[in-house]
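*Asks:* pasting the structure only:
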Ligand SMILES: Cc1cc2nc3c(=O)[nH]c(=O)nc-3n(C[C@H](O)[C@H](O)[C@H](O)COP(=O)(O)O)c2cc1C
């Protein structure tokens, strides 16, 4: 049996940072979720780390879990990063894992700066630093618990524990369509960073234009990484502070 891996999806680095730190503390390999490379075999530890999207896991993470049937995990843990509330995220994830014949042993959540600038604002830098320190402390605690194979599902507080799962599924079903509303404006220098960085290869440069495709996860990495702040969603994000986790995005 292999020692195991942590599979992650991340838009702006919070979940990648979390997966990386846990990987170091637990001596597990850290792998970006890749639908063309679904893990098989048996592993002592299987971890899944992702951001909360509309009170649930990102669509790509749900699809990934649905394909995990051929993987045998000794101890299975999930860590969700979030900016406000997780709602039914852990219940949805646990049910999906069960369908793939995997029993969730541990689920924890870590609060980070919120990157959903379609509705909210990214906190200012001093607040971000406080949040990152808090996140670091929490990840260290979780690493110890996971190492000891603790069995614990972190619950959501009242009244957010009452948010129905169908709110997540309805919202998430709109993400691809919303992704079609992303546009690069005249500030775009055609540097190609968004094309290279999109985690699902949804952005192309065609005839000197940035074109958004139909498989968007709405991770917002393109909006947050564009050095010219040229990419926006409708009229919702113009002039708003951008965010990339500074511990993993050094440039
Ligand atoms: C499409 C979308 C939906 C989101 N929905 C939620 C949510 O329901 N609850 C929440 O607490 N944070 C929500 N967030 C914020 C992210 O979960 C949070 O900032 C996360 O740490 C980002 O992780 P990443 O840097 O790995 O992408 C949302 C972000 C995006 C892009």
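*Replies:* Looks like it arrived, so ask away. Since the model is a prediction, treat every value here as computed from it, not as a measurement. Numbers count the residues shown, from 1 in each chain.

*Asks:* shaky segments in the protein?
*Replies:* 250-251 (pLDDT under 70).

*Asks:* quick check: buried residues in the longest helix anywhere in it?
*Replies:* Ranked by residue count, the top helix of the chain under DSSP state H comes out as helix 125-147. Judged by neighbour count (16 or more other Cβ atoms under 10 Å), helix 125-147 contains these buried residues: 128, 131, 132, 135, 138, 139, 142, 143, 146. Every residue, glycine included, has its C-beta placed from N, CA and C.

*Asks:* any idea how far residue 173 lies from residue 125?
*Replies:* 35 Å (Cβ to Cβ, to the nearest Å).

*Asks:* same question for residue 235.
*Replies:* Going from residue 235 to residue 125 by Cβ to Cβ gives 25 Å.

*Asks:* now residue 5: which helix or strand?
*Replies:* For residue 5, the element it lies in under DSSP states H and E is strand 2-8.

*Asks:* and that strand, what does it pack against?
*Replies:* Identification of packing neighbours for strand 2-8 by 3 or more Cβ pairs under 8 Å, 6 or more residues apart in numbering; DSSP states H and E yields helix 14-26, strand 29-32, strand 41-51, strand 71-82.

*Asks:* what residue in the stretch 151-251 of the chain comes nearest to the ligand?
*Replies:* Residue nearest to the ligand within the stretch 151-251 of the chain: residue 218 (4.1 Å; Cβ to the nearest ligand atom).

*Asks:* residues in contact with that residue?
*Replies:* Residue 218 makes contact with 53, 175, 178, 179, according to Cβ atoms under 8 Å, 6 or more residues apart in numbering.

*Asks:* could the buried residues of helix 125-147 go into a markdown table alongside distance to residue 201?
*Replies:* Shown next, in a markdown table, are these (distance: Cβ to Cβ, whole Å):
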| residue | distance to residue 201 |
| --- | --- |
| 128 | 29 |
| 131 | 30 |
| 132 | 29 |
| 135 | 29 |
| 138 | 32 |
| 139 | 29 |
| 142 | 31 |
| 143 | 32 |
| 146 | 32 |
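
*Asks:* list the contacts of residue 63.
*Replies:* By Cβ under 8 Å, 6+ apart, residue 63 lies in contact with residue 35.

*Asks:* check which helix or strand it maps to.
*Replies:* For residue 63, the enclosing helix or strand under DSSP H and E is helix 59-66.

*Asks:* quick one: that helix near the ligand?
*Replies:* No - for helix 59-66, no contact with the ligand is found by Cβ under 6 Å from any ligand atom; the gap never falls below 10.0 Å.

*Asks:* stretch 149-169 too?
*Replies:* No - Stretch 149-169 lies out of reach of the ligand by Cβ under 6 Å from any ligand atom, never closer than 7.9 Å.

*Asks:* next, count neighbours for residue 236.
*Replies:* Look at residue 236: counted by other Cβ atoms under 10 Å, it has 12 neighbours.

*Asks:* wasn't it part of a strand?
*Replies:* No - counting by DSSP: H, G, I helix; E, B strand; the rest coil, residue 236 falls outside a strand, being coil.
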